[in-house]
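Colleague: The following comprises the amino acid sequence and a computationally predicted model.
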Amino acid sequence: MTEPRTTGPDGDSPVDDPAEPGALDIGRTSTFSLDRPAGGLYLVAWLLTGIGLATVLIGLLATAGGGRELALAGLVTASIGLVAACGYQVVARRTLRPASAYRGPSPVLGFFAAATLSSCLAVVLGLAGLLGIESGSDFLLGLLVVADGYVVVIIFFVVRTGALSWTQMGWPPGPGRAGRFLSDAAFGLIVTVPVVVPVLLGAGILATILDVQPTSRIPAVEGGLATLIVVVGAAVVAPIAEEVFFRGFALTAWQR
């Protein structure tokens, strides 16, 4: 006869022995309950994230003065809530999952935490007049802000907690991975061309039909140095940041 197993939050793996002292039964994953590891942190994460997102929405819809400041306050609050949620998952999964399993935060949750942290920093830099959208240096700084959000989440919630090491995530690429790196780059280039060209063509046709001018995410700059800065941002900073977070962290975590 099979013994019952106790599952952890968010589909966590069952504990080794639900009958052993200290084992926790927190019920179904769809149940909002504080009877779980770090229940206080779980509650704080829910409250701050919900309040923060609601405040952002109110700030964006506000027609009177102060809407921008209200939206920023909501964004900061939501960021704290999402960071608390990442911390909660680390605590809960270290309690409920075996050592061989992945015991860090969900990559989806980590992505939203990184996105809100980056957005907070970008808004602050924008209000201080240090970040715009017109120049090549602003474009590069914006990409660095996004990359910083990814790296901060990985360092504090994945690497420092022992969920995954940089080596396990494939960084830095060693000599033995050089061939794989080149083959992956070639494969990406081969796939990108037939995908991007039809999309750009379709976007151009749609813009002509609707009589609109699509905005470019890459600023139009003049001069050798400004062009070089934009190229470094688009071809070096952005791809490396995405590779570190999505291929290195997210895919490795999901494989485990």
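Modeller: Happy to help now that I have it. Numbering: from 1, shown residues only.

Colleague: Going by C-alpha atoms from here, please, whenever you check contacts or count neighbours.
Modeller: Will do.

Colleague: now the strands: where do they sit in the stretch 51-200 of the chain?
Modeller: In the stretch 51-200 of the chain, no strands are defined using DSSP state E, counting those that start in this stretch.

Colleague: Would you mind listing where it has pLDDT under the threshold?
Modeller: 133-134, 173-181 (pLDDT under 70).

Colleague: Apply 80 and report the result again.
Modeller: Filtered on pLDDT under 80, the stretch 51-200 of the chain yields the residue ranges 63-66, 129-136, 171-185, 187-189, 192.

Colleague: mind listing the helices for it?
Modeller: 67-96, 107-127, 136-154, 178-210 (DSSP state H, counting those that start in this stretch).

Colleague: can you pull the buried residues of the shortest one?
Modeller: Judged by neighbour count (16 or more other C-alpha atoms under 10 Å), helix 136-154 contains these buried residues: 136-151, 153-154.

Colleague: same thing with the last one?
Modeller: Of the residues in helix 178-210, none is buried under the neighbour-count criterion (16+ other C-alpha under 10 Å).

Colleague: residues contacting the residue nearest to the spatial centre of the chain?
Modeller: Nearest to the mean C-alpha position of the chain, by C-alpha atoms, centre = their mean, lies Phe111 at 1.6 Å. By C-alpha atoms under 8 Å, 6 or more residues apart in numbering, the contact set of Phe111 is Tyr150.

Colleague: For Cys86, which non-adjacent residue is spatially closest?
Modeller: Pro105 (5.2 Å; C-alpha to C-alpha, 6 or more residues apart in numbering).

Colleague: shouldn't that neighbour be in contact with Phe156?
Modeller: No: contact criterion C-alpha atoms under 8 Å: Pro105 and Phe156 do not qualify, at 10.5 Å.

Colleague: The two: which is more packed in?
Modeller: Neighbours were counted for Pro105 and for Phe156 using other C-alpha atoms under 10 Å; Pro105 has more, 27 against 13.

Colleague: and that one, what is it in contact with?
Modeller: Contacts of Pro105 (C-alpha under 8 Å, 6+ apart): 86-87, 89-90, 157-158.

Colleague: my read: Leu43 touches Leu34, true?
Modeller: Yes: using C-alpha under 8 Å, Leu43 is in contact with Leu34, at 7.2 Å.

Colleague: If you count surrounding residues, which of the two has more?
Modeller: Per other C-alpha under 10 Å, whichever of Leu43 and Leu34 has more neighbours is Leu43, with 18 against 13.

Colleague: Kindly provide the distance from that one to Asp35.
Modeller: The gap separating Leu43 from Asp35 is 11 Å, by C-alpha to C-alpha, to the nearest Å.

Colleague: Quick one: distance of the host helix or strand of Leu43 to the chain centre.
Modeller: Following DSSP states H and E, one finds Leu43 within helix 39-61. Here helix 39-61 is found 18 Å from its chain centre; the criterion is C-alpha atoms, centre = their mean, to the nearest Å.

Colleague: now do stretch 160-175
Modeller: On the basis of C-alpha atoms, centre = their mean, stretch 160-175 sits 17 Å off its chain's mean C-alpha point.

Colleague: follow-up on the earlier one: among the helices of the stretch 51-200 of the chain, which comes closest to Thr252?
Modeller: Closest of the helices of the stretch 51-200 of the chain to Thr252 is helix 107-127, at 9.7 Å (criterion: C-alpha to C-alpha).

Colleague: buried sites along the closest one?
Modeller: 107, 110-123, 125.

Colleague: Using PDB, write out every CA atom in it.
Modeller: The C-alpha trace of helix 107-127 is given here as PDB (Å, rounded to 0.1, in the frame of the first residue of the first chain):
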ATOM      1  CA  PRO A 107      12.500  31.700 -13.000                       C
ATOM      2  CA  VAL A 108       9.100  33.400 -13.900                       C
ATOM      3  CA  LEU A 109       9.000  35.000 -10.400                       C
ATOM      4  CA  GLY A 110      12.700  36.000 -10.700                       C
ATOM      5  CA  PHE A 111      12.000  37.600 -14.100                       C
ATOM      6  CA  PHE A 112       9.300  39.800 -12.700                       C
ATOM      7  CA  ALA A 113      11.400  40.700  -9.700                       C
ATOM      8  CA  ALA A 114      14.300  41.700 -12.000                       C
ATOM      9  CA  ALA A 115      12.000  43.600 -14.300                       C
ATOM     10  CA  THR A 116      10.500  45.700 -11.500                       C
ATOM     11  CA  LEU A 117      13.900  46.400  -9.900                       C
ATOM     12  CA  SER A 118      15.300  47.500 -13.300                       C
ATOM     13  CA  SER A 119      12.200  49.700 -13.900                       C
ATOM     14  CA  CYS A 120      12.600  51.400 -10.500                       C
ATOM     15  CA  LEU A 121      16.200  52.200 -11.300                       C
ATOM     16  CA  ALA A 122      15.400  53.400 -14.800                       C
ATOM     17  CA  VAL A 123      12.700  55.700 -13.500                       C
ATOM     18  CA  VAL A 124      14.900  57.100 -10.800                       C
ATOM     19  CA  LEU A 125      17.700  57.800 -13.400                       C
ATOM     20  CA  GLY A 126      15.100  59.300 -15.700                       C
ATOM     21  CA  LEU A 127      13.800  61.600 -13.100                       C
END
